[in-house]
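Undergrad: okay, predicted coordinates and the sequence, questions at the end:
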Amino acid sequence: MAEGIKKKLLYVNRKAPYGTIYALEGLEVVLVGAAFEQDVSVAFLDDGVFQLLDGQDTADIGVKNFSRAYKALGDFEVRKVYVERESLAERGLDSADLMQITYEDENDDGAEKPLVRLIDRRELAHIMSEQDVILSF
Amino acid sequence: MSTLHIVNKSPFERNALASCIGHLGNDDAVLLIEDAVVAARDGSTVAPLIREALTNGPVYVLAADLAARAIKREGVIAGMKLIDYRGFVELAAQHARTQSWL
């Protein structure tokens, strides 16, 4: 990508973690891609909302628990993280079930602020329609 | 500029098509390829979903994938458009972005 060109990139996460490699690959691409200083958004919908649940314990399935890495999103300058409200509700979940993910607000003396924003399906559809590129996982 | 939404999974196995149709913007197009083409047959329980998408914008289906699965053109939901691979490329070029519903 040419230097100085900033694109609106949306990562769409629709799969639960561990059953397939999609969730881990998606997270890795977001973190690697953050180095390229693009206008990044990350959305969790459908079974993708399970990626952000608090209390994941993979000790007995022999797979690395990568859920803590989501907490690094803020440190990687990602500021737009969306969870679809309808997807949570369909699965009997609400925002209290999600990990606390924060970022340090450089415009507010480094105050820790919540990074994840709950939005409804209509808002998410609008966000999708504003992107230059959408990457699906 | 609108989005070309590409679905490749059967709606009888995954919710990709339903989720896609729930996130359509104005005039967005939907393209069914691979196993998703089973949704094109009229009379199935997912036909209402396709009709909902048709009220919003065009719905295309890749003819080669229909033929491979013995789904006859006459049995496809009215209003859907059959396209070939060249049409697929043209659609991708005509839209501002593509979104794959894996």
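TA: That came in fine, so what should we check first?

Undergrad: how about the strands of chain B, start to end?
TA: Here chain B has its strands, by DSSP state E, at B:3-7, B:29-32, B:59-62, B:81-83, B:97-101.

Undergrad: oh, that last question was meant for chain A, not what I typed.
TA: A:8-13, A:39-44, A:80-84, A:102-105, A:111-114, A:116-119, A:133-136.

Undergrad: the third one pairs with which strands, and in what direction?
TA: When sheet partners are counted by DSSP bridges, strand A:80-84 sits next to strand A:39-44 (parallel), strand A:116-119 (parallel).

Undergrad: residues in chain A within reach of chain B, list them.
TA: Residues of chain A lying near chain B by CB under 8 Å from any CB of the partner chain: A:12, A:14-15, A:22, A:45-46, A:86, A:121, A:124-126, A:128-129, A:131-134, A:136-137. (Glycine included, C-beta is placed from N, CA and C.)

Undergrad: what does chain B put close to chain A?
TA: Within chain B, the residues that sit near chain A (CB under 8 Å from any CB) are B:2-3, B:15-16, B:19, B:22-25, B:28, B:97-102.

Undergrad: write the ChimeraX selection for whichever of the residues you listed are buried.
TA: In ChimeraX syntax, the buried subset of these is picked out as below (16 or more other CB atoms under 10 Å in any protein chain shown):
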select /B:2,3,16,19,22,23,24,25,28,97,98,99,100,101
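
Undergrad: farthest pair in the residues of chain B next to chain A?
TA: B:2 and B:15 (22.6 Å; CB to CB).

Undergrad: residues contacting the residue of chain B most remote from its centre?
TA: What lies farthest from the middle of chain B is residue B:1; by CA atoms, centre = their mean that is 18.7 Å. Shown in contact with residue B:1 (CB atoms under 8 Å, 6 or more residues apart in numbering or on different chains): B:95, B:96, B:97.

Undergrad: any chance of those in CSV, with distance to residue B:71 and pLDDT too?
TA: Shown next, in CSV, are those (distance: CB to CB, whole Å; pLDDT from 0 to 100):
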residue, distance to residue B:71, pLDDT
B:95, 25, 98
B:96, 30, 97
B:97, 28, 98
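
Undergrad: tell me the one among these nearest to residue B:50.
TA: For the contacts of residue B:1, the nearest to residue B:50 is residue B:95 (19.2 Å; CB to CB).

Undergrad: and that closest one, its phi and psi?
TA: phi -100, psi 160 (degrees, to the nearest 10).

Undergrad: what is the burial count for the residue lying closest to it once chain neighbours are set aside?
TA: Distance criterion CB to CB, 6 or more residues apart in numbering or on different chains; nearest residue to residue B:95, sequence neighbours excluded, is residue B:4 at 4.0 Å. Counted by other CB atoms under 10 Å in any protein chain shown, the residues lying close to residue B:4 total 22.
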